[in-house]
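# using only what follows, build the 3D model:
(chains A and B)
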There are 2 protein chains.
Amino acid sequence: MSEQADHQRAALSRRLGHEFANADLLNVALTHRSAGGGDNERLEFLGDSVLNMVIAHALFEARPHAPEGDLSRLRASLVRERTLAEVATELELGPCLQMGQGERRSGGARRASVQADALEAVIGAVFQDAGFEAAASLVRRLFADRLTDLPSADSLKDAKTRLQEYLQGRGRELPRYEIVSTSGVDHERHFVARCSLADAPQTADGEGSGRRRAEQAAARAMLTQLESGHE
Amino acid sequence: MSEQADHQRAALSRRLGHEFANADLLNVALTHRSAGGGDNERLEFLGDSVLNMVIAHALFEARPHAPEGDLSRLRASLVRERTLAEVATELELGPCLQMGQGERRSGGARRASVQADALEAVIGAVFQDAGFEAAASLVRRLFADRLTDLPSADSLKDAKTRLQEYLQGRGRELPRYEIVSTSGVDHERHFVARCSLADAPQTADGEGSGRRRAEQAAARAMLTQLESGHE
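The predicted model follows:
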């Protein structure tokens, strides 16, 4: 490895607040499969499970009265690719990645999926190097701001769930969904869904590349109508 | 709680090899939501993540050369509902569950999903009671036989993957799939898929309640043909 790479990794180690007893683990964690040879996918598998667990526990403690569904939605928002890529960017993980020339030239080191995977692999590497408490403390540090500034659990619900709860909360009947048109073929199908209410004449349409997406869009449109009082 | 229930839980504690400092945690873990009041769903969320992590780590150690995909498939086979319900049955968890009368009368305590959820909640309770190492050691003990007697990673691959690898291993082209008929409406659709080879005239059909299931069935039928030499 070049002197520059050594230097970059030492700096990363400081940002992680973890000095590796086995420096090879960090090297493997930072190796994208395009580099050939041993890559970080096994460590990513391990780190993903550690991350999920530590975030689950942090939320369990931070929200002692939240129902399980809220905890699940909050966790999903914290461990999704986009959030992990943000954390990786804050850590300046990208420049430390070892990858194939072609992959690097095409911007691979900045791709969200590559960054998210590498972050999980680094968490796995710390777990392998120093055990659960070291990895848990790293995760809690990396996610500290996001864990104190959690979104409201309601805002994470999908539109169909929010519409259902809106109607139930007002003693009204459940909405119905139907597909009113389908176009395109096979993997490029396009759907239009219509949401209608059992106890009012209004309807709202939504479209998307799948039945589910179209229904969610229709539910969103209906919620907007109801909340703005267009009834 | 009745004396009998107390007695049952003490016996379960011995089978778990864990004496709870906070006995309430075990009580909550064994309370199905049909019982009303506090239920085990939050502990199940926590325990599920602990279980996934400990099994991930055990497989990572037990299979030092297995690629990530094999580790994922092995874990899925160990933590799926059916396996968890088997472990719960070995632990005699069912009779310890607290649930509503109606739910119990309709056989709820023997349902696989109820048993699997309660097992995860018990793992979560041990984690909350005594920390990571205690929960990890419980999981390793409960899954010891299954972790030493792992299925082959290949046997866990789905049929389309196995067919693809079979053909690639012989330098042959990839199979094609097409849906040759669809019947029924909406949520009761029935599909027939046909698998054909690029370099041989043979085809194989499969059917199922979804496009994916039908294609898997067709791949399985094709593999059977190829492996029995009907070409």
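# can we go C-alpha only for contacts and neighbour counts from here?
Noted.
# per-residue pLDDT, the residue in chain A sticking out farthest from the centre?
Distance from the C-alpha centroid of chain A, by Cα atoms, centre = their mean, peaks at A:Pro201 (38.0 Å). Looking at A:Pro201, its pLDDT stands at 89.
# doesn't it fall inside a helix?
No - judged by DSSP: H, G, I helix; E, B strand; the rest coil, A:Pro201 forms no part of a helix; its state is coil.
# what's next to the helix or strand bottoming out on mean pLDDT in chain A, contact-wise?
Lowest mean confidence among the helices and strands of chain A (mean pLDDT, DSSP states H and E): helix A:101-105, at a mean of 88. Applying Cα atoms under 8 Å, 6 or more residues apart in numbering or on different chains, the contact partners of helix A:101-105 are A:Ser34, A:Ala35, A:Ala109.
# kindly report the same for stretch A:117-130.
Contacts for stretch A:117-130 (Cα under 8 Å, 6+ apart): A:18, A:20-22, A:25-26, A:29-32, A:40-48, A:50-51, A:84-85, A:87-88, A:93, A:97, A:134-135, A:138-139.
# summarise which helices and strands the lengthiest helix in chain A is packed against.
In chain A, assigned by DSSP state H, the helix with the most residues is helix A:41-62. Here helix A:41-62 touches helix A:68-79, helix A:112-130, helix A:132-142, helix B:41-62, helix B:68-79, going by 3 or more Cα pairs under 8 Å, 6 or more residues apart in numbering or on different chains; DSSP states H and E.
# quick one, it and helix B:112-130 angle?
Angle of helix A:41-62 versus helix B:112-130, following axes from the mean of the first three to the mean of the last three Cα atoms, to 10 degrees, is 80 degrees.
# how about helix A:41-62 as CSV, C-alpha atoms only?
The C-alpha trace of helix A:41-62 is given here as CSV (Å, rounded to 0.1, in the frame of the first residue of the first chain):
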residue,chain,number,x,y,z
GLU,A,41,-18.6,-8.1,1.5
ARG,A,42,-18.3,-10.5,4.4
LEU,A,43,-17.5,-7.7,6.8
GLU,A,44,-20.4,-5.7,5.4
PHE,A,45,-22.7,-8.7,6.2
LEU,A,46,-21.4,-8.7,9.8
GLY,A,47,-21.4,-4.9,10.2
ASP,A,48,-24.9,-4.6,8.9
SER,A,49,-26.2,-6.9,11.6
VAL,A,50,-24.3,-5.1,14.3
LEU,A,51,-25.5,-1.7,13.1
ASN,A,52,-29.2,-2.9,13.0
MET,A,53,-28.9,-4.3,16.5
VAL,A,54,-27.2,-1.3,18.1
ILE,A,55,-29.7,1.1,16.5
ALA,A,56,-32.6,-1.1,17.6
HIS,A,57,-31.3,-1.0,21.1
ALA,A,58,-30.7,2.8,21.1
LEU,A,59,-34.3,3.4,19.9
PHE,A,60,-35.7,0.9,22.4
GLU,A,61,-34.0,3.0,25.1
ALA,A,62,-34.7,6.4,23.6
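# mind listing what's buried along it?
By neighbour count with 16 or more other Cα atoms under 10 Å in any protein chain shown, helix A:41-62 contains the buried residues A:41-60.
# give me the mean pLDDT for that helix.
The pLDDT scores in helix A:41-62 average 98.
# the residue nearest the centre of chain A and A:Leu138: what is the separation?
The C-alpha lying nearest the average C-alpha coordinate of chain A belongs to A:Arg80 (Cα atoms, centre = their mean; 0.7 Å). For A:Arg80, the distance to A:Leu138 equals 18 Å [Cα to Cα, to the nearest Å].
# show me the domain layout of chain A.
A:3-150, A:157-227 (automatic domain parsing).
# now render the ones you listed as JSON lines, adding distance to B:Gln8.
Shown next, in JSON lines, are those (distance: least, Cα to Cα, whole Å):
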{"stretch": "domain A:3-150", "distance to B:Gln8": "27"}
{"stretch": "domain A:157-227", "distance to B:Gln8": "40"}
